[in-house]
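Asker: Here is the input, now give the coordinates:
(one chain, ligands or ions: 1)
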Amino acid sequence: MQRFVLSHPYLLSSEDLSVEDVSLIFERTRFFENNSSKKDVYDDLKGYTVALAFFEPSTRTKFSFELATKRLGGECISFSTTSSSMTKGESLIDTLHTLEAMDVQIFIVRHSASGVPLLLQRNTSKIIVNAGDGRHEHPTQALLDSYTIFKHFGYLENLKVAIVGDLLHSRVARSNYLLLKKLGALVGLCGPGTLLPKFHNSWNVTVFSDIDKVIEWADAIILLRLQNERMASGLVPSVSEFAKFFGLTYERISRKPELVVLHPGPVNYGIELEYEVANLPNVLIQTQVTHGVYVRMALLSLLAKTYEFRRLR
Ligand code: CP
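Answerer: Below is the predicted model of the structure:
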């Protein structure tokens, strides 16, 4: 029987997604992408209110979730810590219950502390979506990255995908690693030894300490910025040295122009990516942003269906 709902009515981690879930999300994403001119005809979220609870800055994730909600006929409210009653001592859980009492059904949460989306999910029967928690996970970024790579190559099985840069502090790296492995890709990691997560030994990945070797190996690379906001001092000798050994320059990519390049953004030009590289045809950074809206439309639509299905059972 064809499945039409997801395994869970929430998304906290790439681990929550089965291969069938990802197929379902990609199929719905393709539908929205192929019908992108019909922006105002969907009612998948009619009657739903989505709260954007971003406790950390965001451009891509926040606005794409807002657009996705509106294009699916849902209502969207934006929650700000500085203007909410959390400044008067209200707890996160009480805030969640307050918004639930106003009939908010979907919470998109970004927080600097790992585990906050899980904590909220344990205290509600509503839908929680992790939009990035500390250095833990960013599963919707992984979905849109995998969708972008899959769409470019037509397959993921045995495709060599390298994640390059500050792997230690990156929630994107962890979510991408988990999802890409699940979808059959071969994953390589490349970064300074001080910015490799301790558990990479158990990850069954190829580790490179040299960007030229990783370029030779990979079909696609995902570049990551240095996450200075999460970094203790002294992990890299200097930004210019990081750029010299791990930055993707025009000269380096010229040796393999077919290499596909992704970056979750925001990009720090001149560090992990030379400005001249950004407009090459195989650099898919803007495509990732465009796909972000369709992937999030697909996810929200399927989460709402899954939630309804479980309520009626
Ligand atoms: N990729 C990503 O999470 O970007 P934002 O921080 O702009 O949302």
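Asker: From now on I want contacts and neighbour counts done on CA atoms only, so please keep to that.
Answerer: OK.
Asker: Flag every buried residue along the lengthiest helix in the chain.
Answerer: Under DSSP state H, the helix in the chain containing the largest number of residues is helix 285-312. Judged by neighbour count using 16 or more other C-alpha atoms under 10 Å, the buried positions of helix 285-312 are 285, 288-307.
Asker: just stretch 204-220 next, same as before
Answerer: Within stretch 204-220, the residues that count as buried by 16+ other C-alpha under 10 Å are 206-208, 211-212, 214-215, 217-220.
Asker: Filter those residues down to the ones in strands?
Answerer: Among the buried residues of stretch 204-220, DSSP state E puts 206-208, 220 in strands.
Asker: closest to the ligand among those?
Answerer: Distances from the ligand to these, taken as C-alpha to the nearest ligand atom, are shortest for residue 220 (17.5 Å).
Asker: just the helices in this structure please.
Answerer: For the chain, the helices defined by DSSP H occupy 19-34, 60-71, 92-101, 116-121, 139-153, 171-182, 211-217, 239-246, 250-254, 285-312.
Asker: To the ligand, which of those helices lies closest?
Answerer: By C-alpha to the nearest ligand atom (comparing all of those), the closest turns out to be helix 60-71, at 3.7 Å.
Asker: And the closest one, what does it pack against?
Answerer: strand 49-54, strand 75-79, helix 285-312 (3 or more C-alpha pairs under 8 Å, 6 or more residues apart in numbering; DSSP states H and E).
Asker: Distance of residue 31 relative to residue 19?
Answerer: 18 Å (C-alpha to C-alpha, to the nearest Å).
Asker: Could you do residue 132 as well?
Answerer: 21 Å.
Asker: now swap in residue 308 and tell me
Answerer: Taking C-alpha to C-alpha, one finds residue 308 at 22 Å from residue 19.
Asker: circling back: export the helices and strands packed on helix 60-71 to CSV and append columns for distance to residue 35.
Answerer: Converted to CSV, those look like this (distance: least, C-alpha to C-alpha, whole Å):
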stretch, distance to residue 35
strand 49-54, 23
strand 75-79, 21
helix 285-312, 10
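Asker: Find the residue closest to residue 252 in space, skipping its chain neighbours.
Answerer: residue 212 (7.1 Å; C-alpha to C-alpha, 6 or more residues apart in numbering).
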